[in-house]
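*Asks:* A structural model of the following input is requested.
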Amino acid sequence: MKKVMSGIQPSGSLTLGNYIGALKNFVKLQDDHQCFFMVVDMHAITVAQDPAALREQSESVAALFIAAGIDPIRSNVYMQSHVPQHAELGWIMTTLTAMGELERMTQFKDKSSGKDSVGAGLFVYPSLMAADILVYNADLVPVGEDQKQHLELTRDLAGRFNNRFGEFFTIPEPYIPEVGARIMSLDDGTKKMSKSSPNAGSYIALLDSPDVIRKKISRATTDSGREVIFDPANKPEISNLMSIYSECSGMTLAQIADRYEGQMYGGFKKDLAEVVVSTLEPLQQRYNEIRSSGAITDILAEGADRARIVATETLNGVKERMGFLPAR
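*Replies:* Have a look, this model is predicted:
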């Protein structure tokens, strides 16, 4: 089976955008791929983290992976920091990365903009992200549009290593679903729904209560006019809400447009809220069961054990080709 690798940072609350754009696709991919899904806690510390909050969020994100339907027997679910080969290969990838390549990363420009001081980790973390992928020789990487640049760097580094030391790394390909890959903010249909947004009303957290979900959707920004039609260029807000409705209900965009033809936005948003609530309620119930059982500790340990086997083999091959003396 082809290998798939992806990860999510344990910073902020996972959102409906994470569920639709990432977790739902993780669940689909595990049917016919060897999957490595991790909580990327080492990426999270590129900005300051409160230790207690980092521990809580790390366990919470891992539990949400399982609650969303990822099977820890068929897929490897683990913490990035529990597989030290990521960090070691990350350093090796850093030595193969040019400063100019890192300076061109738009995410670094965005996150460092307006700051007096930026940690070096934020600058070099694309090299660690490349290592995350290459340490498993992954074939496919589910990425959002905002991460495609980092995947291109990964492909470049894999090719650079292969040219210098002989064919070894698989050149990974992006897995970007046509629908649902990029759910937008509730207050601005031109911006991605983000768990790091300072405005909690701009996103639906996976653990939001039903009443909070209803309130957020009722207050979601809508375009001028009143037609429920899918037109991202001219009606980005209502198009985004229709995408959410489609992903949560299984209805096509055309079916949604037909159902609400001639109706006002109010009825549509009220129904959308109930569709989202019915989607998240079973996930929340499963999440609470996982957290209360304490099972996530064993799930993460077993996933990391399996991941380390693959990662160790890859790292040993890299070091042998580069001329490192083998450890006894």
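*Asks:* quick one: buried residues of the worst-scoring helix or strand of the chain on mean pLDDT?
*Replies:* Least confident helix or strand of the chain, by mean pLDDT, DSSP states H and E, is helix 106-112 with a mean of 74. With burial defined by 16 or more other CB atoms under 10 Å, the residues of helix 106-112 counted as buried are 108, 111. For the C-beta atoms, the positions are set from N, CA and C on the backbone; glycine is no exception.
*Asks:* how far does that helix sit from the chain's center?
*Replies:* 18 Å (CA atoms, centre = their mean, to the nearest Å).
*Asks:* Repeat that for stretch 138-155.
*Replies:* 11 Å.
*Asks:* Now tell me what touches it from outside.
*Replies:* Contacts to stretch 138-155, defined as CB atoms under 8 Å, 6 or more residues apart in numbering, come from residues 2-6, 21-22, 25-26, 29, 33, 36, 97, 101, 104-107, 126-127, 129-130, 133-134, 170-176, 181-182, 192.
*Asks:* Give me the subset of those lying in strands.
*Replies:* Under the assignment DSSP state E, the contacts of stretch 138-155 contribute 3-6, 36, 173-175 to strands.
*Asks:* If we only consider the residues you listed, which is nearest to residue 301?
*Replies:* Taking CB to CB as the measure, residue 301 sits nearest to residue 36 out of the ones in strands among the contacts of stretch 138-155, at 15.2 Å.
*Asks:* Chain neighbours aside, what residue packs nearest to the closest one?
*Replies:* residue 5 (4.4 Å; CB to CB, 6 or more residues apart in numbering).
*Asks:* what's the answer for residue 2, then?
*Replies:* Residue 2 sits nearest to residue 139 (CB to CB, 6+ apart), 4.0 Å away.
*Asks:* how close does that neighbour get to residue 316?
*Replies:* Relative to residue 316, residue 139 is positioned 20 Å away (CB to CB, to the nearest Å).
*Asks:* Please apply the same query to residue 174.
*Replies:* Taking CB to CB, one finds residue 174 at 28 Å from residue 316.
*Asks:* again, but for residue 244
*Replies:* 45 Å.
*Asks:* Between the two, which has more neighbouring residues?
*Replies:* Neighbours per residue, other CB atoms under 10 Å: of residue 244 and residue 316, the larger number sits with residue 244, 24 against 14.
*Asks:* on that earlier part again, pull the CA atoms of the least confident helix or strand of the chain into PDB?
*Replies:* Extracted in PDB, the C-alpha atoms of helix 106-112 (Å, rounded to 0.1, in the frame of the first residue of the first chain):
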ATOM      1  CA  THR A 106       4.900  32.800   2.700                       C
ATOM      2  CA  GLN A 107       3.900  31.400   6.100                       C
ATOM      3  CA  PHE A 108       7.100  32.600   7.700                       C
ATOM      4  CA  LYS A 109       6.500  36.000   6.200                       C
ATOM      5  CA  ASP A 110       3.000  36.100   7.500                       C
ATOM      6  CA  LYS A 111       3.800  34.800  11.000                       C
ATOM      7  CA  SER A 112       6.800  37.000  11.400                       C
END
